[in-house]
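In: Need a 3D model of the following:
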Amino acid sequence: MPIKAIARRLKISRNTVRSALAAVEPPRYRRESSGSIVDEVEGQIRELLVDFPEMPTTVIAERIGWRRSMTVLRERVRQLRPSYRPLDPSSRTTYHPGELAQCDLWFPPVRVPLGAAQAGSPPVLVMVSGYSRWLMARMIPTRQAGDLFAGHWALLSGLGATPRALVWDNEAAIGQWRGGRPQLTEAANAFRGSLGIRIIQCRPADPEAKGLVERANAYLESSFLPGRRFTSPGDFNVQLADWLERANVRHHRMLECRPIDRLEADRATMVALPPVTPVVGWRTSTRLTRDHYVRMVSNDYSVHPACIGRQVEVVADLESVTVTCAGSEVARHERCWAVHQTVTDPVHAEAAARLRRVRLTPASAPTDSEVELRSLSVYDALAKDAVVAAVA
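Out: Okay, the predicted model is just below:
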């Protein structure tokens, strides 16, 4: 359509039509900016941000002598600050099959009955495989090394293999950074040596280094916990295992597949489990006293009193406490999750009572028997002979 026809139809000037056709965007009203009251002090703000990019706006206002509205000052500082902050881009890490698994302790915000009228929130050991995102978790009695590595072995045994490296933060049972270098504990070194793997310690205050397991903790808290009630730690683990079976077959947005679809490829390149079970859990050796109880993690467990005075070996895992003497089992108890308790086997109590009764029973009186009586004249004669011999 010609410009002249457009102008006639719209009843506007032909020059207006020409300007509209030449413009790159529709015409709109524009007004020249009158500036801001912060423009005068922007130079001073920039000078402060060069040396102190995280300086609060209130401190900046004090340094430049600002006496006007804080709203406009905050807005200008918000616009300027990113230009002076050091860049800290996040990285996207890719993982190879069997390469590593990230580990952490999750403390669920629920109270779980522990027995003996006690309740608490024991830690949950969480592991996530880097390549397949296979999620494993189990509640353990304590965060100490004995229970921590027993929990590790339980999860890895269920997986059927172990990743070539385990990524941990500075958990006390794992190790800590000293002098700018990571140092593993003796128990952590022994465990990784038994499996033939590495343990990688993250630097302090670097949660992004194990973001997979941190997100898994949040996933457990938001998807597993709501609406559930638990009667014991064992019930917690049963419900958790059932939920994990469903969680590991759900579609993963980042992978665009399910964790179970990658599991076989992941497990095929992992390290095989050792033929001999690693030494995990709690182990101690002691001489059984007359009390015939042994202490394990703040609780006392009874032992058959027949072993009093002998050396006994005490072994505790996540499920039970076992006592042996000379290779023979003399006590077995279910692991008590409560604290400061005394666990007694009725058989041991009955045996101790029977031995006490035997010990306290008085010895029977000697039976009467006839004894030959000698005449006193015999002794008189012997004495007389002795005197005569002495005089002679």
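In: the helices in the stretch 1-150 of the chain, which residues?
Out: Here the stretch 1-150 of the chain has its helices, by DSSP state H, counting those that start in this stretch, at 3-10, 14-22, 42-51, 57-64, 70-80, 145-159.
In: Return the most buried member of those.
Out: helix 145-159 (a mean of 21; mean count of other Cβ atoms under 10 Å). Where C-beta positions appear, they are placed from N, C-alpha and C, glycine not excepted.
In: So for that helix, mean pLDDT?
Out: Averaged across helix 145-159, pLDDT comes to 96.
In: what's that helix packed up against?
Out: Contact analysis of helix 145-159 by 3 or more Cβ pairs under 8 Å, 6 or more residues apart in numbering; DSSP states H and E lists strand 124-129, strand 135-139, helix 186-195 as its packing neighbours.
In: who wins for proximity to residue 103 among these?
Out: Distances from residue 103 to each of these were compared using Cβ to Cβ; the shortest belongs to strand 124-129, at 5.1 Å.
In: Next one: the spatially most central residue of the chain from residue 126, what distance?
Out: Ranked by distance to the mean C-alpha position of the chain (Cα atoms, centre = their mean), the top residue is residue 105 at 2.4 Å. Taking Cβ to Cβ, to the nearest Å as the measure, residue 105 and residue 126 are separated by 7 Å.
In: circling back: could you dump the helices and strands packed on helix 145-159 to TSV with mean pLDDT, distance to residue 311 and mean neighbour count?
Out: Putting the helices and strands packed on helix 145-159 into TSV (pLDDT from 0 to 100; distance: least, Cβ to Cβ, whole Å; neighbours: other Cβ atoms under 10 Å) gives the following:
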stretch	mean pLDDT	distance to residue 311	mean neighbour count
strand 124-129	97	33	24
strand 135-139	97	33	22
helix 186-195	94	23	17
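In: Take these and write them to a markdown table, including distance to residue 231.
Out: Converted to a markdown table, those look like this (distance: least, Cβ to Cβ, whole Å):
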| stretch | distance to residue 231 |
| --- | --- |
| strand 124-129 | 17 |
| strand 135-139 | 13 |
| helix 186-195 | 32 |
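In: Please pull out the lowest mean pLDDT helix or strand from the protein.
Out: Using mean pLDDT, DSSP states H and E, helix 376-391 stands out as the lowest-scoring helix or strand of the chain, at a mean of 64.
In: Would you mind putting the helices of the stretch 1-150 of the chain into CSV with distance to residue 375 alongside?
Out: Output for the helices of the stretch 1-150 of the chain, formatted as CSV (distance: least, Cβ to Cβ, whole Å):
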stretch, distance to residue 375
helix 3-10, 166
helix 14-22, 161
helix 42-51, 125
helix 57-64, 123
helix 70-80, 129
helix 145-159, 81
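In: who wins for proximity to residue 171 among the ones you listed?
Out: helix 145-159 (7.6 Å).
In: Quick one: work out the angle between the closest one and strand 135-139.
Out: On the basis of axes from the mean of the first three to the mean of the last three Cα atoms, to 10 degrees, helix 145-159 is oriented at 140 degrees to strand 135-139.
In: report the angle between the axes of helix 145-159 and strand 124-129?
Out: Using the same axes, to 10 degrees, helix 145-159 lies at 40 degrees relative to strand 124-129.
In: helices or strands up against the helix or strand hosting residue 351?
Out: Residue 351 belongs to helix 346-360 when elements are defined using DSSP states H and E. Other helices and strands packing on helix 346-360, by 3+ Cβ pairs under 8 Å, 6+ apart, are absent; none qualifies.
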